[in-house]
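Peer 1: model the following, please.
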Amino acid sequence: MDRSRSSEAMVKHKQPSKEEVREWLRTEIARRRPPPDPVQIRRELAWEPAPAPAPAPALQAVKPFRTTAR
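Peer 2: Below you'll find the model as predicted:
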């Protein structure tokens, strides 16, 4: 057996750093978190339904425009 291969097989797995553990924990928590409520999504994206527009004020009567010559 080649000496370099036997030494590779004996290499132990290193312990993850604190940063790696924290990142893994953040992703696990985010993955297991339930999706947000649809109302919350709409609120955060400003997708709230717009209020109904106010009715237009009554227009004054206007004489019709004549297109025929007299």
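Peer 1: separation between residue 22 and residue 15?
Peer 2: Going from residue 22 to residue 15 by C-beta to C-beta, to the nearest Å gives 14 Å. C-beta here means a position set from N, CA and C on the backbone, and glycine is covered the same way.
Peer 1: so for these two, which sits in the more crowded spot?
Peer 2: Under the neighbour definition other C-beta atoms under 10 Å, residue 22 and residue 15 were set side by side, and residue 22 has more, 11 against 8.
Peer 1: where's the more buried one, which helix or strand?
Peer 2: helix 18-32 (DSSP states H and E).
Peer 1: same question, residue 58
Peer 2: Applying DSSP H and E, one finds residue 58 in no helix or strand.
Peer 1: next, count neighbours for it.
Peer 2: Other residues close to residue 58 by other C-beta under 10 Å number 6.
Peer 1: please identify every residue contacting each of residue 22 and residue 15.
Peer 2: The contact sets of residue 22 and residue 15 do not overlap (C-beta atoms under 8 Å, 6 or more residues apart in numbering).
Peer 1: beyond the helix holding residue 22, next helix or strand please.
Peer 2: helix 38-44.
Peer 1: I'd like the average pLDDT over that following helix.
Peer 2: Averaging pLDDT along helix 38-44 yields 88.
Peer 1: list the buried ones in that helix?
Peer 2: Across helix 38-44, burial judged by 16 or more other C-beta atoms under 10 Å covers no residue at all.
Peer 1: then that helix to CSV, C-alphas only?
Peer 2: Extracted as CSV, the C-alpha positions of helix 38-44 are listed here (Å, rounded to 0.1, in the frame of the first residue of the first chain):
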residue,chain,number,x,y,z
PRO,A,38,-49.8,35.5,4.4
VAL,A,39,-51.0,38.7,6.1
GLN,A,40,-47.5,39.4,7.4
ILE,A,41,-46.0,38.8,3.9
ARG,A,42,-48.5,41.3,2.3
ARG,A,43,-47.8,43.8,5.1
GLU,A,44,-44.0,43.6,4.6
